[in-house]
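[1] only geometry, no sequence info:
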């Protein structure tokens, strides 16, 4: 071969290597891209305040691939109510839009959390290590003012420990009892997955414990103490609560998931009782148990189960001897516990009455002697 053709072959090899390297680099960018793309979309695009829909499209692609593979058409998913909610991740990056929203969040937290010092709220909200998820009003007249903020959650993420601490959570007084509190927490959970957060932890006061329980938080902290000890802030009078964020759950479709699970269970029940629930048995004759003396001789639990199993239709409905004996045993154990509790309480009252200082509580107050009692 002449040198020219040799050089052209080398150039072909080099160009193919370059194309391979370029393809690998693009693949790496695609793997690391969604979270950074979501951040740039939230922080830099002032006109569009909703979170990036790339993640939603990516999560729906496996279902599409599965449907194509199995050649089975899945029913269309109902529209997600969260798609119409304007929200934004707000950080103190110096932009005008974010600073206006941070001021609105500070005012909201100060109004809804009057016991929290305003200086402390401002310090955390404007802290560059803290982020805030805000639900925004769709009314154009409220843009770039405090009333644009419907609700917000201020939190600080600890990526190396894979947890986040919720500092403040509030919904505007005029927008409460509309479900925004639940929507706010569900949106935060969905965003937490993109940051690699595994647990969310917070100190809840007595008024907020019920709300956090509804959102999946529990007082039993399962996260190892070494992961959060010394990092989170301790509050006097607050109760520490934790929530595990499952990475594969779509928290914006929890009602649909529960409805699907309920329908699945009902279908299984209908399939199991498709024949037995259509059969009508005649009433039991008066002398039905007359010839069943052998059941009485057996053990009490077993005898009751055998008598019940002898009724026509019970066995056909799927009941077994073990099921009936277990239900009879549980009922007896429950009765024993009730009687034991009653005897323990009566013994406690008797001991209290025997105390010499209980004389003033033994008899009721005579209203003839004490007119205003």
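    Happy to help now that I have it. The structure displayed is predicted, hence computed values, not measured ones. Numbers count the residues shown, from 1 in each chain.

[2] and residue 147, how many residues sit next to it?
    16 (other C-beta atoms under 10 Å). Every C-beta, even on glycine, is put in place using the N, C-alpha and C of the backbone.

[3] Oops, could you answer that again for residue 204 instead?
    Neighbours of residue 204 (other C-beta under 10 Å): 20.

[4] so who does it touch?
    Residues counted as contacts of residue 204 (C-beta atoms under 8 Å, 6 or more residues apart in numbering) are 211-212, 217, 238-241.

[5] same question, residue 358
    residue 352.

[6] Dihedrals phi and psi, residue 87?
    Per-residue torsions, residue 87: phi -150, psi 160 (degrees, to the nearest 10).

[7] Compute the first-to-last residue distance for stretch 82-94.
    End-to-end span of stretch 82-94 (C-alpha to C-alpha, to the nearest Å): 28 Å.

[8] buried stuff in that stretch?
    By neighbour count on 16 or more other C-beta atoms under 10 Å, the buried set for stretch 82-94 is 82, 85, 87-92.

[9] Among these, which are located in helices?
    If you go by DSSP state H, the buried residues of stretch 82-94 have nothing in helices.

[10] could you pull out the strands for this structure?
    86-90, 130-136, 149-158, 163-171, 199-204, 239-244 (DSSP state E).

[11] Next, format these as CSV and append mean pLDDT.
    Shown next, in CSV, are these (pLDDT from 0 to 100):
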stretch, mean pLDDT
strand 86-90, 93
strand 130-136, 95
strand 149-158, 95
strand 163-171, 94
strand 199-204, 93
strand 239-244, 94
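
[12] Make a markdown table out of those strands and add distance to residue 186.
    A markdown table is the format used below for the strands of the chain (distance: least, C-beta to C-beta, whole Å):
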| stretch | distance to residue 186 |
| --- | --- |
| strand 86-90 | 11 |
| strand 130-136 | 11 |
| strand 149-158 | 11 |
| strand 163-171 | 13 |
| strand 199-204 | 12 |
| strand 239-244 | 11 |
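
[13] nearest to residue 333, of the ones you listed?
    Nearest to residue 333 among these is strand 239-244; the distance by C-beta to C-beta comes to 32.9 Å.

[14] Report the buried residues of the closest one.
    Buried, per 16+ other C-beta under 10 Å, within strand 239-244: 241-243.

[15] could you pull out the helices for this structure?
    Secondary structure of the chain (DSSP H): helices at 3-44, 54-70, 96-112, 118-125, 180-194, 209-214, 225-228, 254-272, 293-297, 300-309, 321-354, 359-362.

[16] thinking again about what came up before, going by distance to residue 98, which of the buried residues of strand 239-244 wins?
    Closest approach between those and residue 98, by C-beta to C-beta: residue 243, at 26.6 Å.

[17] partner residues bridging that closest one?
    residue 200 (DSSP bridges).

[18] Just confirm it contacts residue 213, I think it does.
    No. With contact defined as C-beta atoms under 8 Å, residue 243 does not count as touching residue 213 (9.9 Å).

[19] residue closest to the middle of the protein?
    residue 216 (4.0 Å; C-alpha atoms, centre = their mean).

[20] for stretch 226-242, how far is the first residue from the last?
    For stretch 226-242, the first-to-last residue distance is 15 Å (C-alpha to C-alpha).

[21] Over to stretch 106-119?
    Stretch 106-119 end-to-end distance (C-alpha to C-alpha) = 10 Å.

[22] and stretch 139-151, how far apart are its ends?
    15 Å.

[23] Give me the distance between that stretch and the centre of its chain.
    Centroid separation for stretch 139-151 versus its chain: 28 Å, with C-alpha atoms, centre = their mean, to the nearest Å.

[24] and if you look at stretch 254-263?
    That offset, for stretch 254-263, works out to 14 Å (C-alpha atoms, centre = their mean).

[25] Give me the contacts around it.
    Stretch 254-263 is contacted by residues 78, 186, 249-250 when judged by C-beta under 8 Å, 6+ apart.

[26] Would you reformat those residues as TSV and include neighbour count, distance to residue 98 and pLDDT?
    Output for the contacts of stretch 254-263, formatted as TSV (neighbours: other C-beta atoms under 10 Å; distance: C-beta to C-beta, whole Å; pLDDT from 0 to 100):
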residue	neighbour count	distance to residue 98	pLDDT
78	8	34	76
186	19	23	94
249	15	29	91
250	17	28	91
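
[27] among these, which two are most distant?
    Among these, 78 and 249 lie farthest apart (C-beta to C-beta), at 17.4 Å.

[28] in this structure, which ranges drop under the pLDDT threshold?
    The chain contains residues with pLDDT under 70 at 1-75, 272-277, 291-301.

[29] thought residue 205 was touching residue 236?
    No. Using C-beta under 8 Å, residue 205 is not in contact with residue 236, being 10.0 Å away.

[30] what's the burial count for residue 318?
    For residue 318, using other C-beta under 10 Å, the count is 11.

[31] ok, residue 320 to residue 196 distance?
    Between residue 320 and residue 196 the distance, using C-beta to C-beta, to the nearest Å, works out to 48 Å.

[32] buried set for stretch 324-338?
    Buried residues in stretch 324-338, counted by 16+ other C-beta under 10 Å: 324-325, 328.

[33] out of those residues, which one sits closest to residue 287?
    Out of the buried residues of stretch 324-338, the member with the shortest distance to residue 287 (by C-beta to C-beta) is residue 324, at 22.5 Å.

[34] For the closest one, list the residues it contacts.
    Shown in contact with residue 324 (C-beta under 8 Å, 6+ apart): 304-305, 308-309.

[35] Same list as before, those that is, but in CSV and with neighbour count included.
    Listed next are those as CSV, based on neighbours: other C-beta atoms under 10 Å:
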residue, neighbour count
304, 20
305, 25
308, 18
309, 16
